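**Student:** I would like the atomic coordinates for the input below:
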Amino acid sequence: MHQLAKVVPAYFYTSGRPKIHFRVSAIVLIINLTFNLLLIPKIGINGAAIASTIGYIFYGMIYLVLLKKKEGFSIKELLYIRRDEIERLRKYVYQKNTRSEINDKRCIFHIPNYIDLNRKSASNIRPFKMIKAFENIGYQVDCIMGYGKERKKKSIKEIKKNIRNGVKYDFLYSESSTMPTLLTEKKSLTNISFFRF
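**Tutor:** Next comes the predicted model:
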């Protein structure tokens, strides 16, 4: 639910309805504060964790209901990946950037790890859905994904080359991991530079 609630606000923002996110956030803030006030005095830090979990569940459920009622999405459409969507994602994950034409609308999509196409978790579904959403509004998406060194050597190098060749990017979207970026690396923290983001 938490991952869904991280994606859906962007959908409402890009469709010109930012007030929806504000209202949902206000409701969830009240729920979270209420549960914090009730649970922290009784069970301490565990109460705070439970209150946050309840808040995230409500956050996701409210957005799920809004998407179903306001936009007509089915639950299945929101939560399951279709075969054609997996094929499109494979194209972005494995295809080298060999485009010769320059699209007017381009963006950079950053994710600090690899997407595992065999796992159907939110951390794999969400990045794919975001890429698809950018495509649906007319953007050519250039991806930066993998471990720090790989992102720097491959994807970032390609994007710098594109910029030198006159490609203009409208924005960079960075998909965060559910853990700090430095912890997504395959080697220890001491080997990772902050400049590899």
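**Student:** for Arg119, give me the pLDDT.
**Tutor:** As predicted, Arg119 sits at a pLDDT of 68.
**Student:** with the one 4 residues further on instead?
**Tutor:** As predicted, Ser123 sits at a pLDDT of 70.
**Student:** now Lys154
**Tutor:** As summarised for this prediction, Lys154 has a pLDDT of 75.
**Student:** surely it meets Gly146?
**Tutor:** Yes - the pair Lys154 / Gly146 is scored as a contact, 7.1 Å apart, by C-beta atoms under 8 Å. For the C-beta atoms, the positions are set from N, CA and C on the backbone; glycine is no exception.
**Student:** between these two, which has more neighbouring residues?
**Tutor:** Gly146 (20 against 15; other C-beta atoms under 10 Å).
**Student:** quick one: contacts for that one?
**Tutor:** By C-beta atoms under 8 Å, 6 or more residues apart in numbering, Gly146 lies in contact with Asn113, Tyr114, Lys154, Ser155.
**Student:** tell me the secondary structure for the residue lying farthest from the centre of the chain?
**Tutor:** Residue farthest from the centre of the chain, counting by C-alpha atoms, centre = their mean, is Lys42 at 35.1 Å. Three-state assignment for Lys42 (DSSP: H, G, I helix; E, B strand; the rest coil): helix.
**Student:** before we move on, the earlier item: so can I have TSV of the contacts of Gly146 showing distance to Leu29 and secondary structure?
**Tutor:** Output for the contacts of Gly146, formatted as TSV (distance: C-beta to C-beta, whole Å; DSSP: H, G, I helix; E, B strand; the rest coil):
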residue	distance to Leu29	secondary structure
Asn113	30	coil
Tyr114	34	coil
Lys154	41	helix
Ser155	37	helix
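**Student:** which one of the residues you listed is nearest to Ser176?
**Tutor:** Relative to Ser176, the closest of the contacts of Gly146 is Asn113; by C-beta to C-beta it sits at 10.3 Å.
**Student:** check what pLDDT the residue nearest in space to the middle of the chain gets.
**Tutor:** Residue closest to the mean C-alpha point of the chain, counted by C-alpha atoms, centre = their mean, is Glu175 at 4.1 Å. The model reports Glu175 with a pLDDT of 80.
**Student:** again with Tyr56
**Tutor:** 85.
**Student:** next one: phi and psi at it?
**Tutor:** Backbone torsions of Tyr56, given as degrees, to the nearest 10, read phi -60, psi -40.
**Student:** tally of neighbours for it?
**Tutor:** 18.
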